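> Quick one, what's the 3D model for this:
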Amino acid sequence: MTDVITVLLNLQIPTMLIVAGLLIIILGFVTKIGGLIEVSREQKKFTIPIGLFILVLGIVLNFASSPTPPTTTTGEKPPLDNSNIEPTVIYNMNEIDSKNSYADIKIGNQNISGTFIVKRLTINWDYLECPQLTNEPEFSGAMMKEFEYSASLTQKSDSKVLDDQEFKYPPNDVDQFSIYINHSKNGVYKVWFDFDYYLFGNEDTKNKKTEEQIISYCKYW
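As a prediction, the model looks like this:
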């Protein structure tokens, strides 16, 4: 008897309710238990509903108190969002004489571990007639010969594709583009470059535009 009491004391409340509910339900089907407990006919009417209530309550409390299994992490990092990352571009315009200039462009990948694909390098310009008064801007820059092109700028706004081939830029790679520009001896040009690019493995092509540079040569008599 002492062992039975010890086991009952060690049971948790939900388990005790389940055991008690089962015992009360059993009392609804028997008249005596071990010659010690006698159940009358009137009492049997209440034993089954009470037993079911206690049994259900114990089952609900047992599930509610069950510990939540720990979530396991695989250590994998979420994929990086590269949708807003662009190739790095450095652009300088330099004057040679009254009718010739050249541009330096460096295109590379200093941002991510992926590879950029660059294509359709294009020169664009807007032409304006010389104003009455103007100051000639000073430009400076260094030229590294890697890819050389030439372009003649007309006296109207236009554009010209310099190279339609694809250039690949893995991490820390960069190319130098030198463009010799022939233009009107009298006029102001706003010159910029643009190209299409996409990240290798993602065919979502975008367009990158450089900043604008001014070529101004206005001779007055």
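
> ok, now how distant is Ile48 from Asn124?
Per Cβ to Cβ, to the nearest Å, Ile48 is found 90 Å from Asn124. For glycine as for every other residue, the C-beta is placed from the backbone atoms N, C-alpha and C.

> what do you get for Leu61?
According to Cβ to Cβ, Leu61 and Asn124 sit 75 Å apart.

> Which helix runs longest in the protein?
helix 41-64 (DSSP state H).

> buried set for that one?
Residues 47, 51, 54-55, 57-58, 61 are the ones in helix 41-64 that count as buried (16 or more other Cβ atoms under 10 Å).

> Over to stretch 181-195?
Buried, per 16+ other Cβ under 10 Å, within stretch 181-195: 181, 183-184, 187-189, 191-195.

> Look up how far Asp163 lies from the nearest residue to Asp196 once chain neighbours are set aside.
Nearest non-adjacent residue to Asp196, counting by Cβ to Cβ, 6 or more residues apart in numbering: Arg120, 4.9 Å away. From Arg120 over to Asp163 the distance is 8 Å, taken as Cβ to Cβ.

> likewise Leu17?
82 Å.

> same thing with Asn186?
Counting by Cβ to Cβ, the gap from Asn186 to Asp163 is 30 Å.

> swap in Lys190?
For Lys190 relative to Asp163 (Cβ to Cβ), the value is 22 Å.

> Repeat that for Phe200.
Taking Cβ to Cβ, one finds Phe200 at 19 Å from Asp163.

> same question, Ile25
Counting by Cβ to Cβ - Ile25 and Asp163 are separated by 88 Å.

> just Ile24 next, same as before
Separation of Ile24 from Asp163 (Cβ to Cβ): 90 Å.

> Looking at those two, which is more packed in?
When Ile24 and Asp163 are compared for neighbours, Ile24 comes out ahead with 20 against 16, by other Cβ atoms under 10 Å.

> Relative to Asn207, how far out is that one?
79 Å.

> For Asn100, which non-adjacent residue is closest in space?
Nearest to Asn100 is Asn182, by Cβ to Cβ, 6+ apart, at 5.6 Å.

> give me phi/psi at that neighbour?
Backbone torsions for Asn182, taken as degrees, to the nearest 10, come to phi -100, psi 130.

> got it, and the one 10 residues further on?
Here is the backbone geometry of Trp192 (degrees, to the nearest 10): phi -150, psi 170.
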